[in-house]
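# Sequence first, then the predicted structure, then my questions.
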Amino acid sequence: METINLLFSVDDNYVTQLVTVLLSIRTHTPEVPMNVYVLQKTDLDHNLQLDSFCQLLNMTYYPVVIGETAFSDAPVTDRWPESIYYRLLAHEYLPKELKKVIYLDADVLCINSILPLAELDMTNNMYAAASHKQLTELTTYVNRIRLNTFDAEGYYNSGVLVMNLELIRQNVTADLIFKYINDNRLKLLLPDQDVLNALFFDKILSIPDEIYNLDARKQLIYELISEGQWTMDWIIDHTIILHFCGKDKPWHNPFRNQFSALYKHYQRHAKQLIETHSTLTY
């Protein structure tokens, strides 16, 4: 059974969210060995606790420290912190022997086995990602014009990515990314996601968002566009990753969403695990 490699990029403010995601993943994929890599500028204050929590879940924790000066030459503004580069250039910091990794934002929840995502056949694609084109057709069209990606199937969301590290290492460099951002800075809205779409759209395996990256705000729209197929029951049975896109998050109060209670269930379970193991106290 092959090990699943998971990748996150968080600071100490997102540790609670990270342990919630990890618990949800392990709950639905209980037997598979897993490594957890966390990109971080400097050592997180909670690295020891994260290591202990991962041990409880039979996962192996690897902090990946980027360093203070790694992106001193990168284009950075108030809107574009240097952390935008961590996901795009993760391959430069991860162990060279890694061939594939699943990157997840910390505002997701796994509600079915993650194995289908880990077992995707990447063939000649550098990434696998989902677009929300069925939900936002006008936005997708505008993004194609803005980024000159008329042949792209959609505008891919970078919150859930399967990375073919071998192929990425051959094609993606810091210079390539920095040059694109410097040359196109006036039209970039989400620099890391825009770069992914503008430079690599033809090397992205398109995967269905209703399975792998469902926008949790729009359950009723999913049901509508599927002519009643993608109901709440269908989502609970088939969707793998729920993504809490947008500014409102399920750990905020108040948060009114069809999936609010589901998130809080995993959040509470993670908290209980931490409370019953004193070495994990944050």
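Thanks, I have it.
# residues touching the closest residue to residue 164 other than its chain neighbours, list them.
Spatial nearest neighbour of residue 164, excluding adjacent residues (Cβ to Cβ, 6 or more residues apart in numbering): residue 122 at 4.3 Å. From N, CA and C alone the C-beta is placed, and that goes for glycine too. Shown in contact with residue 122 (Cβ atoms under 8 Å, 6 or more residues apart in numbering): 100, 128, 162, 164, 167, 205.
# just residue 165 next, same as before
91, 94, 98-101.
# make it 10 Å
By Cβ atoms under 10 Å, 6 or more residues apart in numbering, the contact set of residue 165 is 5, 7, 90-91, 94-101, 122, 126, 172.
# Flag the least confident of the residues you listed.
Minimum pLDDT for the contacts of residue 165 is recorded at residue 122 (93).
# Please produce a markdown table containing the contacts of residue 122, extended by neighbour count and distance to residue 236.
Converted to a markdown table, the contacts of residue 122 look like this (neighbours: other Cβ atoms under 10 Å; distance: Cβ to Cβ, whole Å):
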| residue | neighbour count | distance to residue 236 |
| --- | --- | --- |
| 100 | 18 | 28 |
| 128 | 22 | 23 |
| 162 | 22 | 23 |
| 164 | 23 | 30 |
| 167 | 19 | 34 |
| 205 | 18 | 25 |
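# In strands, which of the residues you listed fall?
Among these, the ones falling in strands (DSSP state E) are 100, 128, 162, 164, 205.
# per-residue pLDDT, the last one?
At residue 205, the model reports a pLDDT of 96.
# cool, and the fourth one?
The predicted local confidence for residue 164 comes out at a pLDDT of 98.
# Identify, by residue count, the longest helix of this protein.
helix 260-275 (DSSP state H).
# What is the distance between it and the centre of its chain?
20 Å (Cα atoms, centre = their mean, to the nearest Å).
# can you pull the buried residues of it?
Residues 260, 262-263, 266-267, 270-271, 274 are the ones in helix 260-275 that count as buried (16 or more other Cβ atoms under 10 Å).
# before we move on, what about stretch 210-226?
210-219, 222-223.
# quick one: the helices in this structure?
15-28, 47-56, 84-88, 115-118, 137-147, 165-171, 174-184, 191-200, 209-212, 219-225, 232-238, 260-275.
# looking at these, which is closest to residue 66?
helix 84-88 (6.3 Å; Cβ to Cβ).
# What lies in contact with that closest one?
7-10, 39-41, 64, 66, 70-71, 74-76, 92-93, 103, 105, 158-159, 161, 163, 168, 172, 174, 176-178, 181, 190-196, 199-200.
# could you flag which of those residues are buried?
7-10, 39-41, 64, 66, 70-71, 74-76, 92, 103, 105, 158-159, 161, 163, 168, 172, 177-178, 181, 190-196, 199-200.
# now the buried residues of stretch 210-226 as CSV including distance to residue 246 and pLDDT?
Listed next are the buried residues of stretch 210-226 as CSV, based on distance: Cβ to Cβ, whole Å; pLDDT from 0 to 100:
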residue, distance to residue 246, pLDDT
210, 18, 96
211, 20, 98
212, 18, 98
213, 14, 97
214, 13, 96
215, 8, 95
216, 9, 94
217, 6, 92
218, 10, 91
219, 14, 91
222, 15, 91
223, 19, 92
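# any chance of the ones in strands among the contacts of residue 122 in a markdown table, plus distance to residue 52?
Output for these, formatted as a markdown table (distance: Cβ to Cβ, whole Å):
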| residue | distance to residue 52 |
| --- | --- |
| 100 | 27 |
| 128 | 32 |
| 162 | 28 |
| 164 | 32 |
| 205 | 36 |
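# I am finished for the moment; much appreciated.
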